[in-house]
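Asks: The following comprises the amino acid sequence and a computationally predicted model.
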Amino acid sequence: MTSWAARFRLRQYVKASLWIVPLIGLVLGALFAEWAAGVEGAGWLPGTWQYSASTASTVLSSVVGSMVALLGFVVTIGVLVVQQATGTLSPRYMRLWYRDRLQKAVLATFTGTFAYAYSLLRGIESDSVPDLGVTLSGVAVSVSLVLLLIYLNRFTHNLRPVAIADLVARLGEKVLVQGAQHLHRHAAHDGAFPPYAGPVTHIRSESGGVIQAFDAAGLIAAAVRDDCVLVLAHQIGDFVPPGTTLVEAHGSAPSPDPRRVSGLVALGTERTIEQDPAFALRILVDIAIRALSPAVNDPTTAVQVLNHIDTFLHTVGRARLREQYVLADDRGRPRLVVQGRSWEEYLRVGVTEIREYGATSLQVCRRLRALLEDLLETQSAEHLPAVRAELALLDESVLRTFTDPARRASARTADRQGIGGGRRPRSEPSR
(Lines give C-alpha, C1' and ligand atoms only; values in the text may rest on other atoms or scores of the structure.)
Protein backbone atom coordinates (compact mmCIF):
# COMPACT_ATOMS: atom_id res chain seq x y z
CA MET A 1 0.00 0.00 0.00
CA THR A 2 1.33 3.44 -0.93
CA SER A 3 2.15 5.64 2.05
CA TRP A 4 0.72 9.12 2.60
CA ALA A 5 4.16 10.62 2.08
CA ALA A 6 4.52 8.90 -1.30
CA ARG A 7 1.09 10.17 -2.36
CA PHE A 8 2.02 13.68 -1.21
CA ARG A 9 5.21 13.61 -3.27
CA LEU A 10 3.22 12.34 -6.25
CA ARG A 11 0.77 15.24 -5.90
CA GLN A 12 3.68 17.66 -5.73
CA TYR A 13 5.15 16.15 -8.89
CA VAL A 14 1.85 16.39 -10.74
CA LYS A 15 1.35 20.01 -9.66
CA ALA A 16 4.83 20.99 -10.82
CA SER A 17 4.83 18.93 -14.01
CA LEU A 18 4.67 20.77 -17.32
CA TRP A 19 3.95 17.69 -19.43
CA ILE A 20 1.02 15.86 -17.81
CA VAL A 21 -1.72 18.38 -18.64
CA PRO A 22 -0.43 18.94 -22.23
CA LEU A 23 -0.37 15.15 -22.67
CA ILE A 24 -4.01 15.00 -21.61
CA GLY A 25 -4.74 17.74 -24.14
CA LEU A 26 -2.96 15.72 -26.82
CA VAL A 27 -5.11 12.65 -26.14
CA LEU A 28 -8.33 14.65 -25.95
CA GLY A 29 -7.51 16.37 -29.24
CA ALA A 30 -7.13 13.01 -31.01
CA LEU A 31 -10.37 11.72 -29.49
CA PHE A 32 -12.22 14.89 -30.42
CA ALA A 33 -11.02 14.47 -34.02
CA GLU A 34 -12.55 10.98 -34.09
CA TRP A 35 -15.82 12.42 -32.79
CA ALA A 36 -15.82 15.19 -35.43
CA ALA A 37 -15.17 12.64 -38.19
CA GLY A 38 -18.07 10.53 -36.92
CA VAL A 39 -20.47 13.47 -36.83
CA GLU A 40 -19.46 14.33 -40.39
CA GLY A 41 -21.44 11.42 -41.75
CA ALA A 42 -24.65 12.29 -39.95
CA GLY A 43 -25.96 14.30 -42.90
CA TRP A 44 -27.36 17.26 -40.94
CA LEU A 45 -24.49 19.71 -41.47
CA PRO A 46 -25.26 22.90 -43.47
CA GLY A 47 -24.11 22.97 -47.05
CA THR A 48 -21.98 26.09 -46.55
CA TRP A 49 -19.56 24.07 -44.37
CA GLN A 50 -17.88 22.39 -47.30
CA TYR A 51 -14.24 22.38 -48.37
CA SER A 52 -12.35 20.83 -51.24
CA ALA A 53 -9.78 18.19 -50.39
CA SER A 54 -6.88 20.50 -51.27
CA THR A 55 -8.27 23.41 -49.21
CA ALA A 56 -8.90 21.18 -46.18
CA SER A 57 -5.38 19.73 -46.42
CA THR A 58 -3.86 23.20 -46.64
CA VAL A 59 -5.86 24.51 -43.66
CA LEU A 60 -5.09 21.54 -41.44
CA SER A 61 -1.41 21.50 -42.42
CA SER A 62 -1.18 25.17 -41.52
CA VAL A 63 -2.83 24.47 -38.15
CA VAL A 64 -0.36 21.67 -37.40
CA GLY A 65 2.64 23.83 -38.28
CA SER A 66 1.38 26.86 -36.36
CA MET A 67 0.74 24.85 -33.20
CA VAL A 68 4.26 23.43 -33.27
CA ALA A 69 5.65 26.97 -33.72
CA LEU A 70 3.54 28.33 -30.85
CA LEU A 71 4.68 25.50 -28.59
CA GLY A 72 8.27 26.46 -29.32
CA PHE A 73 7.43 30.09 -28.59
CA VAL A 74 5.95 29.27 -25.18
CA VAL A 75 8.94 27.08 -24.35
CA THR A 76 11.22 30.01 -25.20
CA ILE A 77 9.24 32.23 -22.84
CA GLY A 78 9.62 29.56 -20.17
CA VAL A 79 13.39 29.53 -20.59
CA LEU A 80 13.49 33.33 -20.25
CA VAL A 81 11.35 33.15 -17.10
CA VAL A 82 13.73 30.60 -15.58
CA GLN A 83 16.72 32.83 -16.38
CA GLN A 84 15.09 35.90 -14.87
CA ALA A 85 13.79 34.11 -11.79
CA THR A 86 17.14 32.53 -10.96
CA GLY A 87 19.11 35.68 -11.77
CA THR A 88 17.11 38.56 -10.31
CA LEU A 89 14.37 37.01 -8.18
CA SER A 90 14.71 33.73 -6.28
CA PRO A 91 15.17 30.15 -7.49
CA ARG A 92 12.66 29.14 -4.80
CA TYR A 93 9.95 30.98 -6.76
CA MET A 94 10.24 28.47 -9.61
CA ARG A 95 8.18 25.88 -7.68
CA LEU A 96 5.24 28.27 -7.86
CA TRP A 97 5.77 29.19 -11.49
CA TYR A 98 5.77 25.53 -12.56
CA ARG A 99 2.29 25.17 -11.05
CA ASP A 100 0.66 28.00 -12.96
CA ARG A 101 -2.63 26.69 -14.36
CA LEU A 102 -2.86 29.17 -17.20
CA GLN A 103 0.49 28.07 -18.58
CA LYS A 104 -0.59 24.43 -18.50
CA ALA A 105 -3.92 25.33 -20.13
CA VAL A 106 -2.10 27.11 -22.95
CA LEU A 107 0.22 24.16 -23.55
CA ALA A 108 -2.70 21.72 -23.41
CA THR A 109 -4.67 23.79 -25.92
CA PHE A 110 -1.75 23.88 -28.33
CA THR A 111 -1.03 20.15 -28.10
CA GLY A 112 -4.75 19.33 -28.30
CA THR A 113 -5.22 21.47 -31.40
CA PHE A 114 -2.12 19.90 -32.96
CA ALA A 115 -3.39 16.35 -32.32
CA TYR A 116 -6.87 17.29 -33.53
CA ALA A 117 -5.68 18.78 -36.82
CA TYR A 118 -3.15 16.03 -37.46
CA SER A 119 -5.74 13.31 -36.86
CA LEU A 120 -8.17 14.93 -39.27
CA LEU A 121 -5.44 15.45 -41.86
CA ARG A 122 -4.82 11.72 -42.05
CA GLY A 123 -8.47 11.10 -42.93
CA ILE A 124 -8.78 13.45 -45.91
CA GLU A 125 -9.53 11.71 -49.22
CA SER A 126 -10.43 13.12 -52.58
CA ASP A 127 -14.07 12.11 -52.04
CA SER A 128 -14.18 12.46 -48.26
CA VAL A 129 -13.49 15.77 -46.49
CA PRO A 130 -14.28 16.36 -42.76
CA ASP A 131 -15.96 19.72 -43.30
CA LEU A 132 -17.11 20.16 -39.71
CA GLY A 133 -13.71 19.14 -38.38
CA VAL A 134 -11.91 21.68 -40.57
CA THR A 135 -14.23 24.44 -39.36
CA LEU A 136 -13.73 23.48 -35.73
CA SER A 137 -9.97 23.52 -36.24
CA GLY A 138 -10.28 27.23 -37.02
CA VAL A 139 -12.23 27.69 -33.80
CA ALA A 140 -9.52 25.82 -31.87
CA VAL A 141 -6.83 28.05 -33.39
CA SER A 142 -8.80 31.14 -32.38
CA VAL A 143 -9.10 29.87 -28.80
CA SER A 144 -5.38 29.10 -28.75
CA LEU A 145 -4.48 32.60 -29.91
CA VAL A 146 -6.74 34.22 -27.30
CA LEU A 147 -5.18 32.11 -24.56
CA LEU A 148 -1.72 33.01 -25.86
CA LEU A 149 -2.52 36.72 -25.62
CA ILE A 150 -3.85 36.29 -22.08
CA TYR A 151 -0.73 34.30 -21.22
CA LEU A 152 1.59 37.00 -22.57
CA ASN A 153 -0.34 39.76 -20.83
CA ARG A 154 -0.26 37.93 -17.53
CA PHE A 155 3.41 37.06 -17.50
CA THR A 156 4.44 40.47 -18.85
CA HIS A 157 2.79 42.06 -15.82
CA ASN A 158 3.32 39.33 -13.22
CA LEU A 159 7.05 38.84 -13.71
CA ARG A 160 7.81 42.12 -12.00
CA PRO A 161 9.37 41.52 -8.57
CA VAL A 162 6.63 43.40 -6.76
CA ALA A 163 3.92 41.33 -8.48
CA ILE A 164 5.69 38.10 -7.56
CA ALA A 165 6.10 39.36 -3.98
CA ASP A 166 2.36 40.03 -3.80
CA LEU A 167 1.56 36.54 -5.13
CA VAL A 168 3.95 34.80 -2.72
CA ALA A 169 2.82 36.86 0.27
CA ARG A 170 -0.88 36.17 -0.35
CA LEU A 171 -0.22 32.47 -0.74
CA GLY A 172 1.87 32.38 2.44
CA GLU A 173 -0.76 34.30 4.42
CA LYS A 174 -3.47 31.91 3.23
CA VAL A 175 -1.47 28.85 4.31
CA LEU A 176 -0.61 30.50 7.62
CA VAL A 177 -4.20 31.36 8.52
CA GLN A 178 -5.62 28.02 7.41
CA GLY A 179 -2.87 26.05 9.17
CA ALA A 180 -3.24 28.00 12.41
CA GLN A 181 -7.00 27.53 12.39
CA HIS A 182 -6.62 23.78 11.83
CA LEU A 183 -4.07 23.40 14.63
CA HIS A 184 -6.10 25.43 17.10
CA ARG A 185 -9.28 23.56 16.20
CA HIS A 186 -7.71 20.18 17.02
CA ALA A 187 -5.51 21.33 19.91
CA ALA A 188 -5.88 19.73 23.33
CA HIS A 189 -7.69 21.92 25.86
CA ASP A 190 -4.72 22.48 28.19
CA GLY A 191 -2.20 22.59 25.33
CA ALA A 192 0.49 20.98 27.48
CA PHE A 193 2.59 17.95 26.64
CA PRO A 194 1.22 15.03 28.65
CA PRO A 195 3.67 13.21 30.96
CA TYR A 196 4.17 9.56 30.07
CA ALA A 197 6.00 7.05 32.22
CA GLY A 198 6.19 4.46 29.46
CA PRO A 199 9.05 3.89 27.02
CA VAL A 200 10.12 6.31 24.32
CA THR A 201 10.61 4.86 20.85
CA HIS A 202 12.70 6.82 18.34
CA ILE A 203 11.44 6.40 14.79
CA ARG A 204 14.28 7.37 12.47
CA SER A 205 14.28 8.59 8.89
CA GLU A 206 15.46 6.04 6.35
CA SER A 207 16.58 8.71 3.91
CA GLY A 208 17.51 12.34 4.32
CA GLY A 209 15.39 15.23 3.17
CA VAL A 210 13.50 18.38 4.08
CA ILE A 211 10.25 17.90 6.00
CA GLN A 212 7.67 19.18 3.53
CA ALA A 213 4.42 18.16 5.21
CA PHE A 214 2.83 15.66 7.56
CA ASP A 215 -0.55 13.95 7.81
CA ALA A 216 -1.92 15.16 11.15
CA ALA A 217 -5.05 13.01 10.98
CA GLY A 218 -3.02 9.94 10.06
CA LEU A 219 -0.54 10.49 12.89
CA ILE A 220 -3.34 10.96 15.41
CA ALA A 221 -4.99 7.76 14.18
CA ALA A 222 -1.67 5.91 14.49
CA ALA A 223 -1.25 7.22 18.04
CA VAL A 224 -4.75 6.07 18.97
CA ARG A 225 -4.13 2.65 17.46
CA ASP A 226 -0.90 2.18 19.44
CA ASP A 227 -2.14 4.11 22.52
CA CYS A 228 0.77 6.55 22.59
CA VAL A 229 1.68 10.17 21.98
CA LEU A 230 3.65 10.92 18.82
CA VAL A 231 6.04 13.87 18.82
CA LEU A 232 7.46 15.34 15.62
CA ALA A 233 11.10 15.91 16.48
CA HIS A 234 11.61 18.70 13.94
CA GLN A 235 9.84 21.69 12.45
CA ILE A 236 8.32 21.78 9.01
CA GLY A 237 11.12 22.93 6.70
CA ASP A 238 13.97 21.34 8.68
CA PHE A 239 16.44 19.11 6.88
CA VAL A 240 16.58 15.66 8.47
CA PRO A 241 19.76 13.61 7.80
CA PRO A 242 19.43 9.84 7.28
CA GLY A 243 19.14 7.96 10.54
CA THR A 244 18.02 11.00 12.53
CA THR A 245 15.03 10.76 14.84
CA LEU A 246 11.97 11.81 12.87
CA VAL A 247 9.17 10.96 15.32
CA GLU A 248 9.20 10.03 18.99
CA ALA A 249 6.54 7.62 20.32
CA HIS A 250 5.89 8.13 24.04
CA GLY A 251 4.19 5.51 26.18
CA SER A 252 3.71 2.74 23.64
CA ALA A 253 4.47 -0.92 24.22
CA PRO A 254 5.01 -2.56 21.82
CA SER A 255 6.44 0.26 19.70
CA PRO A 256 4.56 1.51 16.58
CA ASP A 257 5.45 0.29 13.11
CA PRO A 258 8.31 2.63 12.03
CA ARG A 259 7.51 2.40 8.31
CA ARG A 260 3.85 3.22 8.84
CA VAL A 261 4.59 6.23 11.05
CA SER A 262 7.45 7.61 8.95
CA GLY A 263 5.24 7.20 5.89
CA LEU A 264 3.00 9.93 7.33
CA VAL A 265 5.79 12.51 7.15
CA ALA A 266 6.81 13.66 3.66
CA LEU A 267 10.49 14.37 3.00
CA GLY A 268 11.71 16.03 -0.17
CA THR A 269 14.60 17.86 -1.78
CA GLU A 270 13.41 21.37 -0.82
CA ARG A 271 10.81 23.21 1.23
CA THR A 272 7.27 23.81 0.00
CA ILE A 273 4.62 26.32 1.06
CA GLU A 274 1.82 23.75 1.53
CA GLN A 275 2.35 23.54 5.31
CA ASP A 276 5.30 25.91 5.67
CA PRO A 277 4.22 29.58 5.43
CA ALA A 278 7.66 30.66 6.65
CA PHE A 279 8.97 29.48 3.28
CA ALA A 280 6.88 32.17 1.60
CA LEU A 281 8.55 34.74 3.85
CA ARG A 282 11.91 33.21 2.94
CA ILE A 283 11.17 33.80 -0.77
CA LEU A 284 10.19 37.42 -0.11
CA VAL A 285 13.43 38.05 1.75
CA ASP A 286 15.43 36.38 -1.04
CA ILE A 287 13.89 38.72 -3.61
CA ALA A 288 14.67 41.75 -1.44
CA ILE A 289 18.31 40.86 -0.75
CA ARG A 290 18.96 40.02 -4.40
CA ALA A 291 17.73 43.51 -5.24
CA LEU A 292 20.24 44.84 -2.70
CA SER A 293 23.19 42.95 -4.16
CA PRO A 294 25.90 45.10 -5.83
CA ALA A 295 25.17 43.44 -9.18
CA VAL A 296 21.55 44.64 -9.14
CA ASN A 297 21.63 47.64 -6.75
CA ASP A 298 17.85 48.24 -6.72
CA PRO A 299 16.84 49.33 -3.20
CA THR A 300 13.42 50.50 -4.41
CA THR A 301 12.49 46.90 -5.20
CA ALA A 302 13.60 45.91 -1.70
CA VAL A 303 11.37 48.65 -0.26
CA GLN A 304 8.42 47.38 -2.30
CA VAL A 305 9.02 43.83 -1.06
CA LEU A 306 9.19 45.16 2.51
CA ASN A 307 5.61 46.38 2.04
CA HIS A 308 4.49 42.77 1.60
CA ILE A 309 6.73 41.55 4.41
CA ASP A 310 5.09 44.17 6.63
CA THR A 311 1.64 42.82 5.78
CA PHE A 312 2.81 39.23 6.26
CA LEU A 313 4.23 39.95 9.71
CA HIS A 314 0.98 41.61 10.79
CA THR A 315 -0.87 38.48 9.68
CA VAL A 316 1.57 36.37 11.69
CA GLY A 317 0.96 38.54 14.73
CA ARG A 318 -2.78 37.85 14.57
CA ALA A 319 -2.39 34.08 14.13
CA ARG A 320 -1.94 33.20 17.84
CA LEU A 321 1.17 31.15 17.18
CA ARG A 322 2.62 28.65 19.62
CA GLU A 323 6.04 27.11 19.85
CA GLN A 324 4.34 23.74 20.39
CA TYR A 325 0.93 22.38 19.42
CA VAL A 326 -0.61 19.41 21.22
CA LEU A 327 -3.35 17.84 19.08
CA ALA A 328 -6.02 15.60 20.54
CA ASP A 329 -8.12 12.70 19.32
CA ASP A 330 -11.93 12.60 19.25
CA ARG A 331 -12.02 11.95 23.00
CA GLY A 332 -9.86 14.96 23.77
CA ARG A 333 -6.80 12.92 24.71
CA PRO A 334 -3.43 14.36 23.57
CA ARG A 335 -2.03 12.29 20.72
CA LEU A 336 0.28 14.41 18.58
CA VAL A 337 2.83 17.10 19.45
CA VAL A 338 3.96 19.37 16.62
CA GLN A 339 6.80 21.88 16.82
CA GLY A 340 5.58 25.36 15.92
CA ARG A 341 7.35 28.52 14.82
CA SER A 342 7.27 31.51 17.14
CA TRP A 343 6.58 35.13 16.32
CA GLU A 344 10.24 35.97 17.05
CA GLU A 345 11.41 33.46 14.43
CA TYR A 346 9.15 34.94 11.76
CA LEU A 347 10.34 38.44 12.66
CA ARG A 348 14.01 37.45 12.46
CA VAL A 349 13.52 35.82 9.07
CA GLY A 350 11.68 38.89 7.77
CA VAL A 351 14.13 41.63 8.79
CA THR A 352 17.59 40.30 9.71
CA GLU A 353 19.17 39.77 6.28
CA ILE A 354 17.48 42.82 4.78
CA ARG A 355 18.92 44.91 7.61
CA GLU A 356 22.39 43.45 7.04
CA TYR A 357 22.46 43.71 3.25
CA GLY A 358 20.62 47.05 3.17
CA ALA A 359 22.68 48.75 5.88
CA THR A 360 24.13 51.29 3.43
CA SER A 361 20.78 52.17 1.81
CA LEU A 362 18.84 55.13 3.22
CA GLN A 363 15.67 53.79 1.63
CA VAL A 364 15.94 50.39 3.26
CA CYS A 365 16.84 51.73 6.71
CA ARG A 366 13.94 54.20 6.68
CA ARG A 367 11.39 51.67 5.38
CA LEU A 368 12.57 49.00 7.80
CA ARG A 369 12.19 51.40 10.72
CA ALA A 370 8.66 52.26 9.62
CA LEU A 371 7.86 48.53 9.48
CA LEU A 372 9.15 47.96 13.01
CA GLU A 373 7.41 51.03 14.42
CA ASP A 374 4.14 49.89 12.83
CA LEU A 375 4.58 46.55 14.58
CA LEU A 376 5.15 48.35 17.89
CA GLU A 377 1.80 50.06 17.49
CA THR A 378 -0.22 47.02 16.43
CA GLN A 379 1.21 43.92 18.11
CA SER A 380 0.30 42.49 21.49
CA ALA A 381 2.50 43.02 24.55
CA GLU A 382 4.28 39.64 24.34
CA HIS A 383 5.53 40.48 20.83
CA LEU A 384 6.93 43.93 21.63
CA PRO A 385 10.28 42.89 23.20
CA ALA A 386 11.33 41.17 19.96
CA VAL A 387 10.35 44.25 17.92
CA ARG A 388 12.28 46.56 20.27
CA ALA A 389 15.30 44.27 19.98
CA GLU A 390 15.19 44.54 16.18
CA LEU A 391 14.88 48.32 16.44
CA ALA A 392 17.97 48.37 18.66
CA LEU A 393 19.88 46.30 16.11
CA LEU A 394 18.76 48.69 13.36
CA ASP A 395 20.00 51.65 15.43
CA GLU A 396 23.38 49.97 15.89
CA SER A 397 23.62 49.30 12.16
CA VAL A 398 22.84 52.93 11.35
CA LEU A 399 25.44 54.15 13.86
CA ARG A 400 28.11 51.94 12.30
CA THR A 401 27.29 52.83 8.70
CA PHE A 402 26.43 56.55 8.73
CA THR A 403 29.12 58.62 10.42
CA ASP A 404 27.93 62.19 9.78
CA PRO A 405 24.96 63.45 11.87
CA ALA A 406 22.82 64.63 8.94
CA ARG A 407 22.83 61.32 7.05
CA ARG A 408 22.46 59.40 10.31
CA ALA A 409 19.38 61.43 11.20
CA SER A 410 17.97 60.80 7.74
CA ALA A 411 18.63 57.06 8.04
CA ARG A 412 16.85 57.02 11.41
CA THR A 413 13.69 58.57 9.97
CA ALA A 414 10.82 56.12 9.60
CA ASP A 415 9.37 56.38 6.09
CA ARG A 416 6.90 53.95 4.53
CA GLN A 417 8.03 55.02 1.05
CA GLY A 418 11.72 54.68 1.84
CA ILE A 419 12.41 58.24 0.70
CA GLY A 420 9.67 60.77 0.13
CA GLY A 421 7.01 59.74 2.62
CA GLY A 422 8.11 62.11 5.36
CA ARG A 423 8.23 61.14 9.03
CA ARG A 424 9.93 62.93 11.93
CA PRO A 425 13.23 61.34 12.95
CA ARG A 426 13.63 59.60 16.28
CA SER A 427 15.93 61.05 18.92
CA GLU A 428 19.64 60.11 18.79
CA PRO A 429 20.32 57.02 20.93
CA SER A 430 22.83 57.21 23.71
CA ARG A 431 26.16 55.51 23.03
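Replies: That came through, no problem.
Asks: same for the helix or strand bottoming out on mean pLDDT in the chain, what does it pack against?
Replies: Within the chain, confidence by mean pLDDT, DSSP states H and E is lowest for helix 94-97 among all helices and strands, at a mean of 77. Applying 3 or more CB pairs under 8 Å, 6 or more residues apart in numbering; DSSP states H and E, one finds that helix 94-97 contacts helix 53-88, helix 161-185. (Each C-beta comes from the backbone N, C-alpha and C, glycine too.)
Asks: Let me have the ones you listed in JSON lines, extended by mean pLDDT, mean neighbour count and distance to Ala302.
Replies: What follows is these, written out as JSON lines (pLDDT from 0 to 100; neighbours: other CB atoms under 10 Å; distance: least, CB to CB, whole Å):
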{"stretch": "helix 53-88", "mean pLDDT": "85", "mean neighbour count": "15", "distance to Ala302": "12"}
{"stretch": "helix 161-185", "mean pLDDT": "89", "mean neighbour count": "18", "distance to Ala302": "9"}
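Asks: buried sites along the least confident helix or strand of the chain?
Replies: For helix 94-97, a neighbour-count test (16 or more other CB atoms under 10 Å) marks Arg95, Leu96, Trp97 as buried.
Asks: show me what contacts the residue lying closest to Pro258 once chain neighbours are set aside?
Replies: Nearest residue to Pro258 in three dimensions, chain neighbours excluded: Ile203, at 4.7 Å (CB to CB, 6 or more residues apart in numbering). Ile203 makes contact with Thr245, Leu246, Val247, Glu248, Ala249, Pro256, Pro258, Val261, Ser262, according to CB atoms under 8 Å, 6 or more residues apart in numbering.
Asks: Ok, Arg320 next?
Replies: Going by CB under 8 Å, 6+ apart, the list of residues near Arg320 reads Ala180, His184.
Asks: Would you pull up how far stretch 117-129 lies from the middle of the chain?
Replies: Between the centre of stretch 117-129 and the centre of its chain there are 45 Å (CA atoms, centre = their mean, to the nearest Å).
Asks: Span of that stretch from start to end?
Replies: For stretch 117-129, the first-to-last residue distance is 13 Å (CA to CA, to the nearest Å).
Asks: Show me what stretch 211-224 is in contact with.
Replies: Here stretch 211-224 makes contact (CB under 8 Å, 6+ apart) with 4-5, 8-9, 12, 182, 186, 229-230, 232, 234-240, 247, 249, 256, 260-261, 264-268, 271-272, 274-276, 327-329, 335-336, 338.
Asks: which among the contacts of Ile203 gets closest to Val285?
Replies: If you rank the contacts of Ile203 by distance to Val285 using CB to CB, Leu246 comes first, at 27.8 Å.
Asks: Bridged to the residue nearest to Pro258, which residues?
Replies: Note on Ile203: beta-bridge partners by DSSP bridges are Val247.
Asks: For it, give its distance to Trp4.
Replies: For Ile203, the distance to Trp4 (CB to CB, to the nearest Å) stands at 15 Å.
Asks: rewinding a little: for ChimeraX, what selects the buried ones among the contacts of stretch 211-224?
Replies: The buried residues among the contacts of stretch 211-224 can be selected in ChimeraX (16+ other CB under 10 Å) with this line:
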select :4,5,8,9,12,186,229,230,232,234,236,237,240,247,249,256,260,261,264,265,266,267,268,271,272,274,275,276,327,328,335,336,338
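Asks: From the contacts of stretch 211-224, which land in strands?
Replies: Mapping those onto strands (DSSP state E) picks out 229-230, 232, 239-240, 247, 249, 265-268, 327-328, 335-336, 338.
Asks: hmm, back to that, let me have the buried residues of helix 94-97 in JSON lines, extended by distance to Thr300.
Replies: Converted to JSON lines, the buried residues of helix 94-97 look like this (distance: CB to CB, whole Å):
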{"residue": "Arg95", "distance to Thr300": "26"}
{"residue": "Leu96", "distance to Thr300": "23"}
{"residue": "Trp97", "distance to Thr300": "23"}
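Asks: ok, so of the residues you listed, who is nearest Val168?
Replies: Leu96 (6.9 Å).
Asks: My read is that that closest one contacts Val168, right?
Replies: Yes - here Leu96 reaches Val168: they are 6.9 Å apart, a contact under CB atoms under 8 Å.
Asks: pretty sure His157 belongs to a helix, no?
Replies: Yes - looking at His157 with DSSP: H, G, I helix; E, B strand; the rest coil, it is inside a helix.
Asks: How much space separates the residue lying closest to it once chain neighbours are set aside from Ala291?
Replies: Leaving aside its sequence neighbours, His157 sits nearest to Ala163 (CB to CB, 6+ apart; 6.3 Å). Distance check for Ala163 against Ala291: by CB to CB, it reads 14 Å.
Asks: so how far is Leu232 from Val326?
Replies: From Val326 to Leu232 the distance is 11 Å (CB to CB).
Asks: actually Ser262, not the one I typed
Replies: Ser262 is 11 Å from Leu232, by CB to CB.
Asks: Residues that sit against both of these two, list them.
Replies: Listed as contacting both Ser262 and Leu232 by CB under 8 Å, 6+ apart are Leu246, Val247.
Asks: ok, and for stretch 23-39, which residues are buried?
Replies: Buried, per 16+ other CB under 10 Å, within stretch 23-39: Gly25, Leu26, Gly29, Ala30, Phe32, Ala33, Ala36, Ala37.
Asks: just checking, what packs against the one helix or strand Phe32 maps to?
Replies: Using DSSP states H and E, Phe32 maps to helix 20-40. For helix 20-40, the elements it packs on are helix 101-122, helix 131-158, judged by 3+ CB pairs under 8 Å, 6+ apart.
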